[in-house]
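Novice: just a sequence and a predicted model for now, questions to come.
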Amino acid sequence: MLDLKERLGKDMLIFDGAMGTQLQEAGLKVGGIPEELNIDDPDLIVSIHEKYLKAGADFITTNTFGCNRLKMAHSKYDMKDMLRAACDNADRARRNLGRENDSYIALDIGPIGTMLKPIGTLSFDEAVDIIAEQIETVKDKVDVVLLETQTDLYEVKAGILAAREHSDLPIFVTMTFEASGRSMTGTDAETFVNVAENLGVSALGVNCSLGPDELAPIIEDILCNSHIPVLIQPNAGIPKFVNGETVYELTADDFVKSVMGFAEKGVSICGGCCGTSPEFIRKLKENLPADVKPSEASKREYMPKVSSATKTVRFDGSVIVCGERLNPTGKKKLQAALRESNFDMLVSEALNQEEAGANVLDLNVGLPGIDEAETMKIVVPMIQEVTGLPLQLDSSSAEALETACRYYNGRPLINSVNGKSAVLDAILPVVKKYGGMVIGLTLEEGVPLTAPERVEHAKKIIARAESYGIRKEDVIIDCLTLTASAQQKEVAETLKAVSEVRKMGNHTVLGVSNVSFGLPNRPLINRTFLTMAMNAGLDMPIMNPLDNGMMSCIDAFNLLMYKDVAGEKYIERHAGDVTTTAPAGNAGQAAGAQASNAGGANAGAGDTNDLGYMIRKGMKDVVKAKTKEELASKDAMDVINNTIIPALNAVGQDYEKGRIFLPQLIAAAETTKLAFEVVQESFTGSGEKRGPVLIATVEGDVHDIGKNIVKVVCESYGYQMIDLGKDVKVSAVVEAAHKYNPKAIGLSALMTTTVVNMKKTIEALHADGITCPVFVGGAVLTQEIADEIGADRYSSDAMDAVHTLQDLGI
Amino acid sequence: MHSNLSRDEKIIKLALSYLGVSRNQSTDAAPDDDRKPDREAITELIKKSILMLDEEDAFRVCGRIFDMDKNAEGFYRIREADIDLISEDLKVYFEGCDRICIIASTLGSQADTLIRKTMAKDGAFGSVLDATSGAYLECMLDEAERTYISGPRTFRFAPGYGDLALETNVKLSAAIDIYRKIGVTCTDGGTFIPRKTMLGMIGLAPEGTKAVTERSCGRCTRKDICSIRKGGDRCWI
């Protein structure tokens, strides 16, 4: 057998064409299970493989596109039997033609068929397990694992890890893209390449989607970024809907002509997808050159990049702002929130930083008393659900970093390693396994005072990283910011070290604001140091992107250093600057005020400077200042009982009477929550909240908008709400009930099919001795249904949920 | 259909009904009462939501036409896809139809992410965006339908609203290869992910057929609990 790894990237290799099209032509019914034909009609499958082999294909793909335990749950055959039969059919075909030594069997793994969390219901772990099961079943019968027609980068990652953890087979991955240049879940070609290549696949590319001409921009994008062989399997043109049927109109000759163009640019594995046939493959074989041309990426210098699922940030010499605010250090409120498993604050901070212009977000949840790894497992997908910025995963725990990297969707930046061997050997394997980049702190036992010492540490870290197979350029060096108040002379050493490391060809990072600790007018020192550091070659300051002064420094620097050509961005951002010392307005906040001030268009009666009015009108921007003003002259309980609660109750009554609507109710609730935050700061006692109250959307249901609205409104009334999320398993609700000992549990379901799970949850709670009241709500719920399933209360909407809790004496 | 309304006008009208801003809302508040319902402010948020959704450009549609006949019990049947439409309602709605168009559309995971992000920043706007997304999907599908079908047709009917079980979506979505075509998955219970997805069936009758069934609240199984209907509005344009 010709060693595939020896041929990749050197010989032009040919994949087969469509299997589905061939099966439909042979009579496969709409909605039928093609995988069953591996057992029902193996001769048909063998004959199709033989046709492609005779046409000149080097690879035949097994008839197993959907052969996983989820999709095959209703099949008449066992999934594993179909997998084995498929592989045996492929092997029989090549043996029949004497091609067993010069052709390869690719285990075809298509999408699992259900979306991964947080958008869908399938956990990442289960996705890995499903694909691993497929591979384990037949890994000795195939030559390569092919993950194809992938639309979700998270699933791609699950598949690659499953393949690497369960076999030594080469892995090929192809995604499908739309004409927009992105996959259906928003991944662009550069991001796909950055993630898949660094996760260690042997070839990657695109299949299905579109015809070869329409795929041109995407294929070229892949060729510009991939340092490994590129595989393309286009459709036979764009499908057209003719007389109720899907038709592909491209001829084999036109198809080949387009594909030849890509071969000239470096594509080294070519085949076809929907609408193609053995004729297409034969013509590819006849016309494609035998040798492989160099691709665009091979002619360029390697550029390190980090990625989320939908965005790639390049270390290309421009300044990359890393937001530092997702870190509980020194932040009491965030610490308290993390201890209560309330992650809303993290989500808000992520969004605020993104809006302020951060390019990457540092994420650290290290806090004594919490399970950091478990928290990362929850928080990483949660943050990634709301922001497309790549994350810098920050922890001193190797376990927490490994967990964070595993569940991260994209190519992570890991913060950090240092010069200690134990740390390097604990964390560099994690970086390599998950294809990440890593920050290296130039210290070992203590902070070196001089630049040369720090540069030596940098070299050691880089060398050790290279020994683990990590590219030199993927190590970002932190030359350590020392505090000017304590080590004034050493500040310059940091800048010298940054310059030296840049000359070595590595990029640099610094935690900027450390420099001013203990000194007056910290912003002035921070801005000045930042500018000096950027001039020395700093690539990525870790800083507060909400600090307008710092962000403005970067804008000015980019202008002065000709990175912002013609100063377009600078002018756009600063044309309206007022040259006083007053802080500039926050555009995000202004937009938020406009958005939330749903009730503000009609001024009507009422004192606009009155706290109650502000709550009723959802004036989030000004309520905190007004609340502080009220507290200056009144007792906190007085403000709560005589102003806040009456205003909120008035809002609730107006909502129930239809005089205001849902958006205004939510705006008022969110405004009240802000007022409460200020009031609680003034309590000398614990400022105890009411509750806690657990809420969840039940198992099998992914609708959570209603539940989220209940949460916001109840929180505005001072309830501590513990939100378990959506599609929450019965056992998870029971477990949470034991953990948090709630005063009440709220369950939400939108569909009649999931009300069944609501009943199961209530039964499970009772069976486990949980006696707190359960209240239910959702579009299909009625009082009758609530009674039938054993709920204690039914709440028709968010306000009713508040009344329910009040009636229950909570 | 209100064919004289523009796309955006239809979306606004529908989104307002989803938000409970009924066209028959009480207007008995005194003019100087600061609690007077602010329909205009919500309308502005809806307009802003439409712009955001247009910018996402994530609307996708797929569909297919099948021949239709009846099984032994008189229920309509899509023989080629092996689907029996067990529904008394459809016996009435599809009377005279010999074909069916199964059509599905989605705003993709991008809409779900956008709504979640907006809810996290601004719950009020997020709730408007959520409602507008649903209305947007309906109205965009109304327009896209025209590329699939012509001739006498029924209104678009979806499982779960009449007496056709929601689980029918499983087979219907497989019949049009919904995952490969528009990246949507269907759970065993018949719901779709991403959330802003809909699948409908349209009965097609031979040219010259006169009577095809109009949509009516009175025929919907949710007519007694529908909050939109209680508010004097309806969920369709």
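Specialist: Sure thing, it's come through.
Novice: which ones are touching residue A:800?
Specialist: residue A:777 (Cβ atoms under 8 Å, 6 or more residues apart in numbering or on different chains). All C-beta atoms are positioned from the backbone trio N, CA, C, and that covers glycine.
Novice: that one sits in which helix or strand?
Specialist: Per DSSP states H and E: residue A:800 is located in helix A:798-807.
Novice: for that helix, buried residues please.
Specialist: By 16 or more other Cβ atoms under 10 Å in any protein chain shown, the buried positions in helix A:798-807 come out as A:798-805.
Novice: wait, which of the residues you listed is closest to chain B?
Specialist: Lowest distance from chain B to those (Cβ to the nearest Cβ) belongs to residue A:798, with 10.3 Å.
Novice: next up, the contacts around the closest one.
Specialist: A:665, A:669, A:706, A:709-710, A:712-714.
Novice: got a markdown table for these, with neighbour count and pLDDT too?
Specialist: A markdown table is the format used below for the contacts of residue A:798 (neighbours: other Cβ atoms under 10 Å in any protein chain shown; pLDDT from 0 to 100):
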| residue | neighbour count | pLDDT |
| --- | --- | --- |
| A:665 | 29 | 87 |
| A:669 | 28 | 89 |
| A:706 | 20 | 85 |
| A:709 | 23 | 85 |
| A:710 | 27 | 90 |
| A:712 | 24 | 85 |
| A:713 | 29 | 87 |
| A:714 | 26 | 91 |
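Novice: also near chain B: which of the residues you listed, exactly?
Specialist: Taking Cβ under 8 Å from any Cβ of the partner chain, the overlap between the contacts of residue A:798 and the neighbourhood of chain B is A:669, A:709, A:712.
Novice: which one of the contacts of residue A:798 sits closest to residue A:242?
Specialist: Distance to residue A:242 across the contacts of residue A:798 (Cβ to Cβ) is lowest for residue A:706, with 43.0 Å.
Novice: the residue nearest to the closest one when sequence neighbours are not counted: how many residues sit nearby?
Specialist: Spatial nearest neighbour of residue A:706, excluding adjacent residues (Cβ to Cβ, 6 or more residues apart in numbering or on different chains): residue A:748 at 5.9 Å. As a burial measure, residue A:748 scores 29 neighbours (other Cβ atoms under 10 Å in any protein chain shown).
Novice: touching, residue A:748 and residue A:776? I think so.
Specialist: Yes. At 7.4 Å, residue A:748 counts as touching residue A:776 under the criterion of Cβ atoms under 8 Å.
Novice: helices or strands up against the helix or strand of chain B with the lowest mean pLDDT?
Specialist: Scoring the helices and strands of chain B by mean pLDDT, DSSP states H and E places helix B:227-230 at the bottom, with a mean of 71. Using 3 or more Cβ pairs under 8 Å, 6 or more residues apart in numbering or on different chains; DSSP states H and E as the contact criterion, no helix or strand is in contact with helix B:227-230.
Novice: tally of neighbours for residue A:239?
Specialist: 18.
Novice: what sits against it?
Specialist: Residue A:239 makes contacts with A:246-248, A:274-275, as judged by Cβ under 8 Å, 6+ apart.
Novice: let's see that with 6 Å instead.
Specialist: A:246, A:248 (Cβ atoms under 6 Å, 6 or more residues apart in numbering or on different chains).
Novice: with residue A:389 instead?
Specialist: Contacts of residue A:389 (Cβ under 6 Å, 6+ apart): A:354, A:361.
Novice: phi, psi of it?
Specialist: Residue A:389 has phi and psi values of phi -70, psi 140 when expressed as degrees, to the nearest 10.
Novice: and the pLDDT at it?
Specialist: Looking at residue A:389, its pLDDT stands at 97.
Novice: over to residue A:750?
Specialist: For residue A:750, pLDDT reads 77.
Novice: count the neighbours of it for me.
Specialist: Around residue A:750 there are 23 residues (other Cβ under 10 Å).
Novice: now do the one 5 residues further on
Specialist: When neighbours are counted by other Cβ under 10 Å, residue A:755 registers 23.
Novice: so who does it touch?
Specialist: Counted by Cβ under 6 Å, 6+ apart, residue A:755 has contacts residue A:749.
Novice: can you name the next helix or strand after the strand or helix carrying it?
Specialist: For residue A:755, the host element (DSSP H and E) is helix A:752-767. The helix or strand immediately downstream of helix A:752-767 is strand A:774-777, counting by DSSP H and E.
Novice: what sits up against that next one?
Specialist: Contact with strand A:774-777 is made by A:745-748, A:762, A:786, A:791-795, A:804, as judged by Cβ under 6 Å, 6+ apart.
Novice: what about residue B:140, which helix or strand?
Specialist: Counting by DSSP H and E, residue B:140 is found in helix B:123-145.
Novice: closest one to residue A:313 out of the ones next to chain B among the contacts of residue A:798, please.
Specialist: Nearest to residue A:313 out of the ones next to chain B among the contacts of residue A:798 is residue A:712 (Cβ to Cβ; 32.6 Å).
Novice: and the one helix or strand that closest one maps to, what does it pack against?
Specialist: Assigned by DSSP H and E, residue A:712 belongs to helix A:705-716. Using 3 or more Cβ pairs under 6 Å, 6 or more residues apart in numbering or on different chains; DSSP states H and E, the elements in contact with helix A:705-716 are helix A:662-681, strand A:690-697, strand A:719-723, helix A:798-807.
Novice: which neighbouring elements make contact with the helix holding residue B:140?
Specialist: helix A:662-681, helix B:7-18, helix B:39-56, helix B:108-121.
Novice: grab the CA positions of the helix or strand following that helix and hand them over as CSV.
Specialist: The helix or strand immediately downstream of helix B:123-145 is helix B:168-175, counting by DSSP H and E. Below are the C-alpha coordinates for helix B:168-175, written out as CSV (Å, rounded to 0.1, in the frame of the first residue of the first chain):
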residue,chain,number,x,y,z
THR,B,168,-44.8,15.3,11.5
ASN,B,169,-42.0,17.9,11.0
VAL,B,170,-39.4,15.1,11.4
LYS,B,171,-40.5,13.4,8.2
LEU,B,172,-41.3,16.6,6.4
SER,B,173,-37.9,18.1,7.0
ALA,B,174,-36.2,14.8,5.9
ALA,B,175,-38.2,14.9,2.7
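Novice: so where's the chain uncertain?
Specialist: Chain wasn't specified; assuming chain A. A:241, A:243-245, A:580-606, A:683-688, A:752 (pLDDT under 70).
Novice: that answer is for a different chain, and I need it for chain B
Specialist: Those would be B:1-3, B:22-37, B:210-216, B:219-222, B:225, B:227, B:231, B:233, B:235-237, if you go by pLDDT under 70 across chain B.
Novice: alongside chain A, which residues does it contribute?
Specialist: Chain B comes close to chain A at residues B:19-21, B:25-26, B:32, B:34-38, B:40-42, B:65, B:80-81, B:109-110, B:112, B:116-117, B:120-125, B:127-128, B:130, B:174-175, B:183, B:185, B:189, B:193, as judged by Cβ under 6 Å from any Cβ of the partner chain.
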